[in-house]
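> with the sequence up front, the predicted model follows.
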Amino acid sequence: MDLRDRQRAFFRRSSWATVLLACGLASGLPLASGCGDRIDVAPAAAAAEEPEVERRSLVAMARLEPSSRVVNVSSTSSDIVRQILVREGDEVEKGQVLVLLDSYSLRAAELEAARLEQERAALKPLEVKAQQARVRAIEAELEYARNEVGSQKGLSEKGFSAGKEFRDAQLRVRQAEEQHNEASAVLKQLEANVNLAEREARNHIFQAEARLEETMIRAPLDGQILRVRFTEGERIDQRAVISLGATQSMHAVGEVHANEIRLVTRGQTARFTSPALPTPIDGVVEEVGAMIFGNYITGEDPSAPRGLRVVEVRVKLAENELAQRLTNLEGQLRIFLEDSAPK
């Protein structure tokens, strides 16, 4: 064997030894085990699981709102604002007139005309009585004419009359009968018109009152005027004129992420905080929404996330005089989950 053949045999033996050494090192077993054999390795001990921390509360962005929500009051007609009778901050009662529209004077005059018509309708029974008297007078004339016919007939049969008086008496009876028929028909018409006139008058008054009511914007509830949206002389075009709400009781409307709403139930305690309030306000979850929508409250941070999927949660707050004057104030709402109410 020459020198070149000896070198090739040496390299073949060296390569095989290197492969065996690599397999042994990789497996951590003696080289006799071989690379081709299956090696069973005991699994490493699993890391001890950390104990789950009990969640005691969740936080959501929220805003203040009256218990009645904000009610925007408008008119059903397109008209011009004539007079505004309230100012922002005023306390009002249900049914109180807040705004008069320009057509108020015209509608008030129509109502007065309808009431006069009702008064005229109330006089109809007197017309019926007068007609009844005319009918009775005609009946008396008819009875006299019939008696006169009987007298003239007797005189004519005895030859004391030429017959002309008898015929005249018969003519007067016929005339009295026709007058009686006519007067009786007029009486029936008047009696029927009494009920009809009264119904028409009541209906005209109802219509006039409804038209007049459209020119007055009234408070739908007891509450506070939050905003006057128009000034006198502006046309409203069926838009909201006054915003008001029942601020005697305030709610915090929180926007809880849809993934966390399952943790919220009615009756849980909550706490609303805001830099505008000197102290937090406690409350109780009163309503949990049933619809998911995009978040509305983003606070003052321009980089706050938008388009979050949230559910509204309404929390009835304890009475707070300052909060009653800060509708739409934004802050944070912390809802304490079950058995985690603040001490």
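Cool, got the structure.
> C-alpha only now, for contacts and for neighbours.
Fine.
> could you verify my assumption that residue 252 touches residue 67?
No - under the contact definition of C-alpha atoms under 8 Å, residue 252 does not touch residue 67, with a separation of 9.1 Å.
> got the contact list for the residue nearest in space to the middle of the chain?
With the centre of the chain defined as its mean C-alpha position, the nearest residue by C-alpha atoms, centre = their mean is residue 71, 8.5 Å away. Contact criterion C-alpha atoms under 8 Å, 6 or more residues apart in numbering gives 243-245 as the residues in contact with residue 71.
> bridged to it, which residues?
Assessed by DSSP bridges, residue 71 has beta-bridge partners residue 244.
> repeat that for the one 10 residues further on.
Taking DSSP bridges as the rule, residue 81 bridges to residue 101.
> I'd say it and residue 233 touch.
Yes - counting by C-alpha under 8 Å, residue 233 is a contact partner of residue 81 at 5.2 Å.
> re earlier: list residues touching both of residue 252 and residue 67?
Listed as contacting both residue 252 and residue 67 by C-alpha under 8 Å, 6+ apart are residue 316.
> more neighbours, the two?
Neighbour comparison, residue 252 and residue 67: the larger count goes to residue 252, with 35 against 18 (by other C-alpha atoms under 10 Å).
> for the more buried one, what is the enclosing helix or strand?
strand 250-257 (DSSP states H and E).
> and residue 216, how many residues sit next to it?
One way to gauge burial is a neighbour count; for residue 216, by other C-alpha under 10 Å, it gives 22.
> now do the phi/psi pair for it.
Note on residue 216: its backbone torsions stand at phi -120, psi 130 [degrees, to the nearest 10].
> excluding chain neighbours, what is closest to it?
Taking C-alpha to C-alpha, 6 or more residues apart in numbering as the measure, residue 216 lies nearest to residue 100, with 4.8 Å between them; neighbours along the chain are not counted.
> I'd assumed residue 217 was in contact with that neighbour.
Yes - taking contacts as C-alpha under 8 Å, residue 100 lies within contact range of residue 217: 6.5 Å.
> how many residues are close by the residue nearest to residue 216?
By other C-alpha under 10 Å, 22 other residues sit near residue 100.
> what's the longest strand in the protein?
What stands out as the longest strand in the chain, according to DSSP state E, is strand 281-294.
> tell me the helices and strands packed up against that one.
On a contact count with 3 or more C-alpha pairs under 8 Å, 6 or more residues apart in numbering; DSSP states H and E, strand 281-294 meets strand 269-273, strand 309-317.
> mind listing what residue 230 touches?
If you count contacts by C-alpha under 8 Å, 6+ apart, then residue 230 has 81, 236, 241-242 around it.
> repeat for residue 199
With contacts defined as C-alpha under 8 Å, 6+ apart, residue 199 has no neighbours.
> and the next helix or strand past the helix or strand that contains it?
Using DSSP H and E, the element containing residue 199 is helix 164-213. Tracing the chain C-terminally past helix 164-213 and defining elements by DSSP H and E, one meets strand 216-218 next.
> following element in sequence after that following strand, please.
Scanning forward in sequence from strand 216-218, with DSSP H and E defining helices and strands, the next element found is strand 223-228.
> packing partners for that following strand?
Short answer (3+ C-alpha pairs under 8 Å, 6+ apart): strand 223-228 packs on strand 91-92, strand 240-245.
> now do the first one: everything it contacts.
Contacts of strand 91-92 from elsewhere in the structure, counted by C-alpha under 8 Å, 6+ apart, are 219, 221-225.
> next, give me the two most distant ones among those residues.
Of all pairs drawn from those, the one with the largest separation by C-alpha to C-alpha is 221 and 225; the distance is 10.8 Å.
> what do these two both touch?
Shared contacts of residue 221 and residue 225 (C-alpha under 8 Å, 6+ apart): 92, 245.
> quick one, which of these two is more surrounded?
Counted by other C-alpha under 10 Å, residue 221 and residue 225 do not tie: residue 225 has more neighbours, with 23 against 16.
> tell me the pLDDT of the more buried one.
Among the per-residue scores, residue 225 shows a pLDDT of 96.
> sketch out the low-pLDDT regions of the stretch 1-150 of the chain for me.
For the stretch 1-150 of the chain, residues meeting the criterion pLDDT under 70 lie at 1-53, 144, 148-150.
> quick one on the thing from earlier: tell me which of the helices and strands packed on strand 281-294 lies nearest to residue 203.
The minimum distance between residue 203 and these falls on strand 309-317, with 45.5 Å, by C-alpha to C-alpha.
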